[in-house]
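Participant: Sequence first, then the predicted structure:
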2 protein chains.
Amino acid sequence: MRIAVMGTGTVGRTIAARLDELGHDVTVGTRDVVAARARRSPDGSGGDFGRWTEEHPAIGLATFPEAAELGEVVVNATSGEVSLAVLAAAGTSRLAGKVLLDISNPLDFSAGFPPTLFVADIDSLGEQIQRAFPEAKVVKTLNTLAAELMVRPGQLDEGDHTVFMSGNDADAKALVRDLLVSMGHTDVIDLGDISTSRGTEMFLPLWLRLMSFLGTGLFNVKVVRERPSTD
Amino acid sequence: MRIAVMGTGTVGRTIAARLDELGHDVTVGTRDVVAARARRSPDGSGGDFGRWTEEHPAIGLATFPEAAELGEVVVNATSGEVSLAVLAAAGTSRLAGKVLLDISNPLDFSAGFPPTLFVADIDSLGEQIQRAFPEAKVVKTLNTLAAELMVRPGQLDEGDHTVFMSGNDADAKALVRDLLVSMGHTDVIDLGDISTSRGTEMFLPLWLRLMSFLGTGLFNVKVVRERPSTD
């Protein structure tokens, strides 16, 4: 599948590399391709996007509108505070009719750690994106996980933990479910329409405190429930 | 231990009965003892508090201030919207120096189901209660669970799931941890000070949507993390 991944941060790079590995035709979208290729940091950290592109020659790099044009599926892997602007830059018409897999969280770091949420409770970033791009088929998912666990859940407890999904379009959710399963997810819960994004976005305050408690983001929750009778 | 349980709803009755069963000296606090004893409902539902008291003769029934006076530990099992008023009725001086085990959630049902939260993100009901009763040792816990699982976690997956705890006082949390373990909890995570209540209270929107998805409140989450090395 031709997949556009918006965002060059940790989530964007991790998702793009994994989708490439799984055989998809991946293009990463960024604001300024020349500047992104030139980005270097001596410690090899997230700022070293230039080297990352060299290490992933099969992954394309394009502007937001070019990437959105190419992708049959568009992944929003940008930080929540710029998501609406990035998708607007990609272009409403280029998102129309497509699955928009939204990983963003509405985190506000302006008062330090832990961040607060800039939208919550009676609305969500997932809903804001769906309202802004009504012809896109927004599916919110993976936003409750560290990047490495999004794409390789099997590295923790053999993948026996849960990922959630919210969206209005059943076919779009079926496609996203297949993508999640292809990455190793074994327990995908479809919470319902895009308004259920409120639930997973508001899980972040607990996630952030668990990260502080555990000293790592490499954890997840398993929804423990009665097992179906095997009779 | 002498324990006062504020609230005659499902949570209050379930906690009171379990603490009684575990050998504690339990008094339920209510606004009007005579009215509470007279409460009947033909279907045996939560409204049938009168019959419940007859079935639990060892559990005392008293006004909020009387119960708070008797309890060495006070459990807030009232609904969030009345918690501050109930605790004020119990009396600031009667809560001073005591462990106040707070189970309440700031749920606002005024716009129907699912409820929204009347405090979130930059504050929490746990913090509001701690600020209102600064000499009480507030420990927020159990608010992420259905009543039956609060007191008998072993009925689901042999108890292999997680309960959280938030509070400023280490000794109070140690006492609450012992109470939780005595009820069957095997994975108690101390998230930190009372501000971490924001995390567990904001988990409710996801909990409520999971309840809709699963068709039952008898589920929980297990925090799945790397196991400590056994070397």
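Facilitator: Cool, the structure landed. Residues are numbered from 1 along each chain as shown, chains lettered A, B, ... in the order given.

Participant: Now do the same contact list for the residue nearest to the spatial centre of chain A.
Facilitator: Central residue of chain A (Cα atoms, centre = their mean): A:I103, 2.7 Å from the mean position. By Cβ atoms under 8 Å, 6 or more residues apart in numbering or on different chains, the residues touching A:I103 are A:11, A:15, A:75-77, A:140-143, A:150. C-betas here are computed from N, CA, C, even on glycine.

Participant: cool, A:L179 as well?
Facilitator: A:19, A:73, A:101.

Participant: Those residues also near chain B: which ones?
Facilitator: Checked against chain B using Cβ under 8 Å from any Cβ of the partner chain, those yield no neighbours at all.

Participant: mind checking the end-to-end distance for stretch A:188-200?
Facilitator: Criterion Cα to Cα, to the nearest Å; first-to-last residue distance in stretch A:188-200 is 13 Å.

Participant: got the buried residues for that stretch?
Facilitator: Across stretch A:188-200, burial judged by 16 or more other Cβ atoms under 10 Å in any protein chain shown covers A:188-192, A:194-200.

Participant: Tell me the backbone dihedrals of A:A4, please.
Facilitator: phi -100, psi 130 (degrees, to the nearest 10).

Participant: correct me, but it touches A:D25?
Facilitator: No - applying Cβ atoms under 8 Å, one finds A:A4 not in contact with A:D25, separated by 9.8 Å.

Participant: Shouldn't A:V188 be within a strand?
Facilitator: Yes - with DSSP: H, G, I helix; E, B strand; the rest coil as the criterion, A:V188 is assigned to a strand.

Participant: What residues does chain A have near chain B?
Facilitator: Counting by Cβ under 8 Å from any Cβ, chain A sits next to chain B at A:116-117, A:120-122, A:156-157, A:160-162, A:164, A:189-192, A:196, A:198-200, A:202-203, A:205-210, A:212-214, A:216, A:218-226.

Participant: Separate out the buried members of those.
Facilitator: For these, buried by 16+ other Cβ under 10 Å: A:116-117, A:120-121, A:156-157, A:161-162, A:164, A:189-192, A:196, A:198-200, A:202-203, A:205-210, A:213, A:218-225.

Participant: In strands only, show me the residues you listed.
Facilitator: A:116-117, A:162, A:164, A:189-192, A:219-225 (DSSP state E).

Participant: Among those residues, which pair sits farthest apart?
Facilitator: A:T116 and A:R225 (30.7 Å; Cβ to Cβ).

Participant: Would you mind measuring from the nearest residue to A:R37 once chain neighbours are set aside to A:G12?
Facilitator: Take A:R37 and drop its neighbours on the chain: the residue closest to it by Cβ to Cβ, 6 or more residues apart in numbering or on different chains is A:G50, 5.4 Å away. Distance, A:G50 to A:G12, by Cβ to Cβ, to the nearest Å: 15 Å.

Participant: which helix is the longest one in chain A?
Facilitator: Ranked by number of residues, the top helix in chain A under DSSP state H is helix A:170-183.

Participant: Any buried residues in it, and which?
Facilitator: Here helix A:170-183 shows A:172-173, A:175-177, A:179-180, A:183 as buried, counting by 16+ other Cβ under 10 Å.

Participant: For A:N76, grab the count of nearby residues.
Facilitator: By other Cβ atoms under 10 Å in any protein chain shown, 31 other residues sit near A:N76.

Participant: Okay, helices next: where are they in chain A?
Facilitator: So, for chain A - with DSSP H - the helices run A:10-21, A:33-38, A:49-55, A:64-70, A:80-90, A:92-95, A:125-132, A:147-151, A:170-183, A:197-201, A:204-214.

Participant: Which per-residue confidence value corresponds to the residue lying closest to A:Q130 once chain neighbours are set aside?
Facilitator: Leaving aside its sequence neighbours, A:Q130 sits nearest to A:V138 (Cβ to Cβ, 6+ apart; 4.3 Å). You'll see A:V138 listed with a pLDDT of 99.
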